[in-house]
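A.B. asks: When you get a sec, could you give me coordinates for this:
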Amino acid sequence: MTGTADAVDAPDALDASRTLWELLARRAALSPEAPVLIQAGDGDEGGSAGTGTEGPSDRRISFGGLRTRAERTAAGLYALGVRPGDTVAWQLPTRIETVVLSLALARLGAVQTPVIPFYRDREVGLALRATRARYFVHPGRWRDFDYGAMARRVAPEPEEPEEAEEAEGTGGEPVQLLAVHDALPDGDPATLPPPPSDGTAVRWIYWTSGTTSDPRGVRHTDRSLIAGGSCLAHALRLRPDDVGSIAFPYAHIGGPDYLVMLLLYGFPAVLFEKFALPDALDAYRRNGVTTAGGSTAFYAMFLAEQRKRPGTRLIPSLRLLAGGGAAKPAELYHEVVQELGCQLTHGYGMTEAPMITMGAPDDTPENLATTEGRPPEAMEIRITDADGKPLPAGTDGEVRLRGEAVCQGYLDPEQTAEAFDADGFLITGDLGHLTPDGYLVLTGRTKDIIIRKGENISAKEIEQLLYEHPAVGDVAVIGLPDKERGERVCAVVERAEGAGTLTLEEATAYLRDAGLSVHKLPEQWETVDVLPRNDALRKVLKYKLRERFG
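C.D. replies: Purely as a prediction, here's the structure:
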């Protein structure tokens, strides 16, 4: 077998892998010398930009090297006392070493709970307490923040012996802290126990973003992560000669999603420890990235950079932007295709089910612009009324899911009971409908429905119209308490670059001309420099807007 990832039919066979480690081992045997991860270096401005050659500080690792290094790291962790079934929390930047550590834990059969690096005391303390983690792996000092000091502040106190006997987990021992910079634990793989073979055991605990409440611990298996990643890869029609990119935190649920794609199709991805435009463009160009994205906010950032240099393609090799995680205005699709000169496919996913639907590159422009794509065969979508009664195609209702990529519930059994209906469907809290040919159209969230004088108003409908105004860079529409109306419609607008301030009167006149019903017009208008977003996929945090303007 050559080392050039030439087995185009391999993904179908690799899909059957029971565990993530088995998937890595199979890909490493197919293409051991092919690159899998390229760490974008800093400080490479100028130099090799646009030449397609490797920058002087880029680092690379092959599929074979990834397996070898992960296995040696697993042995090093084993020597430190980490055993199959132990819970290990880790909070690390998007680095090759982070992927190696995560795969080492998968090789050991440990339970791992990734924590996004931008989370602080409240979220990290919750993760350590809720999972009863025995180990916490952190980067030491990174971006002028001392993660070790935070861990010492928030680590739960050791339990009394009698309490430890009643609860599975730490056994009364303190959380052990392990600082990881560039060096990972190292050991002899001959000392390791056999790798896990059960892909349906819960060995991953991911955390929801906590945009409206405390984050929830979401329980995943190797098989649910493989199912999500494989469905995503097949929908995007990826190829072995593609070059991907991971510009979001690898600790996000999108991290293993993307890794599964790399393992199935045998292509590499560029990792960005720190992502910012225009600084990151040099790495995209010199590595010939063909597919990029992350979420709607990423599309908009690329588009803004393209508009600074009209007539010259921002990333000449780019053929596809893809992502999900937040609503996509239809107009943004057309702008990306026309101005960036690449295809845009958008999908629908969540921490509980990382791949639900995805647009395909060969879908019609209408479907790509106005829908979230179609679900794979392994995902069943049911649209229901509030009582769980199925609704026909074209009728708006609650979106419910059932399939292999759906999580095994939450750490809190009560939250699990509330989240799944009697037929085993996950109640997402999203609203939408299925078209007659099976495409999903999202129309908002149950919490995004504004009830004004007894009438339901979709925030997304108003946002879509306002986004098309040239003075609007981005917008979030929220409902605020109102004594007379129940709720009033408030639009919070981020100005487009170089645009003047749009007034409420100008905005309502524009919306009237666009055909918006009078009872849906905003009654409160706020302009901000930047909308508040989370640090993973840059979703707008509407709860912060409600707190600020309510």
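
A.B. asks: going forward, measure contacts between C-alpha atoms and count neighbours the same way
C.D. replies: Noted.

A.B. asks: so how far is the helix or strand encompassing residue 415 from its chain's centroid?
C.D. replies: Under the criterion of DSSP states H and E, residue 415 resides in helix 413-419. Mean-position distance between helix 413-419 and its chain equals 23 Å (C-alpha atoms, centre = their mean, to the nearest Å).

A.B. asks: ditto for stretch 351-365
C.D. replies: Put simply, stretch 351-365 sits 13 Å off its chain's centre (C-alpha atoms, centre = their mean).

A.B. asks: what is the rounded mean pLDDT of it?
C.D. replies: Across stretch 351-365, pLDDT averages out at 95.

A.B. asks: Give me the distance between the two termini of it.
C.D. replies: In stretch 351-365, first residue to last residue: 28 Å (C-alpha to C-alpha, to the nearest Å).

A.B. asks: Which residues does that stretch contact?
C.D. replies: With C-alpha atoms under 8 Å, 6 or more residues apart in numbering as the test, stretch 351-365 has contacts from 206-208, 218, 225, 228-229, 231-232, 235-237, 253-254, 257, 343-349, 367-368, 371-376, 379, 405-407, 409, 440.

A.B. asks: Show me those that map onto strands.
C.D. replies: Using DSSP state E, the subset of the contacts of stretch 351-365 located in strands is 206-207, 218, 343-349, 379, 440.

A.B. asks: now for those, which pair is the farthest apart?
C.D. replies: 218 and 343 (32.3 Å; C-alpha to C-alpha).

A.B. asks: coming back round to it: restricted to buried residues, select the ones in strands among the contacts of stretch 351-365 in ChimeraX.
C.D. replies: A single ChimeraX command suffices to select whichever of the ones in strands among the contacts of stretch 351-365 are buried according to 16 or more other C-alpha atoms under 10 Å:
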select :206,207,218,343,344,345,346,347,348,349,379,440
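
A.B. asks: In JSON lines, list the ones in strands among the contacts of stretch 351-365 along with distance to residue 261.
C.D. replies: Listed next are the ones in strands among the contacts of stretch 351-365 as JSON lines, based on distance: C-alpha to C-alpha, whole Å:
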{"residue": "206", "distance to residue 261": "19"}
{"residue": "207", "distance to residue 261": "22"}
{"residue": "218", "distance to residue 261": "21"}
{"residue": "343", "distance to residue 261": "19"}
{"residue": "344", "distance to residue 261": "18"}
{"residue": "345", "distance to residue 261": "16"}
{"residue": "346", "distance to residue 261": "16"}
{"residue": "347", "distance to residue 261": "15"}
{"residue": "348", "distance to residue 261": "17"}
{"residue": "349", "distance to residue 261": "15"}
{"residue": "379", "distance to residue 261": "18"}
{"residue": "440", "distance to residue 261": "23"}
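
A.B. asks: that older thread, can I get the helix holding residue 415 as CSV, trimmed to CA atoms?
C.D. replies: Extracted in CSV, the C-alpha atoms of helix 413-419 (Å, rounded to 0.1, in the frame of the first residue of the first chain):
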residue,chain,number,x,y,z
PRO,A,413,-30.7,12.1,34.3
GLU,A,414,-33.5,14.6,34.8
GLN,A,415,-32.2,16.7,31.9
THR,A,416,-32.1,13.5,29.7
ALA,A,417,-35.7,12.6,30.6
GLU,A,418,-36.9,16.1,29.7
ALA,A,419,-34.9,16.2,26.4
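
A.B. asks: next structured bit after it?
C.D. replies: Taking DSSP H and E, what comes next after helix 413-419 is strand 426-434.

A.B. asks: Extract the residue ranges of the protein that are flagged as low pLDDT.
C.D. replies: 1-10, 12-13, 42-56, 159-172, 209-213, 454, 483, 536-537 (pLDDT under 70).

A.B. asks: Now do the domain split for it, please.
C.D. replies: Following automatic domain parsing, one gets these domains for the chain: 10-222, 453-549.

A.B. asks: what's the most buried one of the ones you listed?
C.D. replies: Neighbour counts (mean count of other C-alpha atoms under 10 Å) averaged over each of these peak at domain 10-222, with a mean of 19.

A.B. asks: from the middle of its chain, how far away would that domain be?
C.D. replies: On the basis of C-alpha atoms, centre = their mean, domain 10-222 sits 16 Å off its chain's mean C-alpha point.

A.B. asks: where do the helices sit along the stretch 301-450 of the chain?
C.D. replies: Taking DSSP state H, counting those that start in this stretch as the test, the helices found in the stretch 301-450 of the chain are 330-335, 365-370, 413-419.

A.B. asks: how about these in TSV, adding distance to residue 312 and mean neighbour count?
C.D. replies: Below are the helices of the stretch 301-450 of the chain laid out as TSV (distance: least, C-alpha to C-alpha, whole Å; neighbours: other C-alpha atoms under 10 Å):
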stretch	distance to residue 312	mean neighbour count
helix 330-335	15	18
helix 365-370	24	18
helix 413-419	48	13
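
A.B. asks: got a markdown table for those, with distance to residue 466 too?
C.D. replies: Formatted as a markdown table, the helices of the stretch 301-450 of the chain follow (distance: least, C-alpha to C-alpha, whole Å):
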| stretch | distance to residue 466 |
| --- | --- |
| helix 330-335 | 11 |
| helix 365-370 | 16 |
| helix 413-419 | 33 |
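
A.B. asks: closest to residue 498 out of these?
C.D. replies: Closest approach to residue 498 among those (C-alpha to C-alpha): helix 330-335, 17.9 Å.

A.B. asks: Need the nearest residue in space to the most centrally placed residue in the chain, chain neighbours excluded.
C.D. replies: For the chain, the residue sitting closest to the mean C-alpha position, by C-alpha atoms, centre = their mean, is residue 254 at 3.8 Å. Counting by C-alpha to C-alpha, 6 or more residues apart in numbering, residue 254 lies nearest to residue 354, which is 6.9 Å off, once chain neighbours are set aside.

A.B. asks: Same question for residue 496.
C.D. replies: residue 473 (3.7 Å).

A.B. asks: The host helix or strand of the one you found pairs with which strands, and in what direction?
C.D. replies: Assigned by DSSP H and E, residue 473 belongs to strand 472-482. Strand 472-482 sits in its sheet next to strand 486-495 (antiparallel), going by DSSP bridges.
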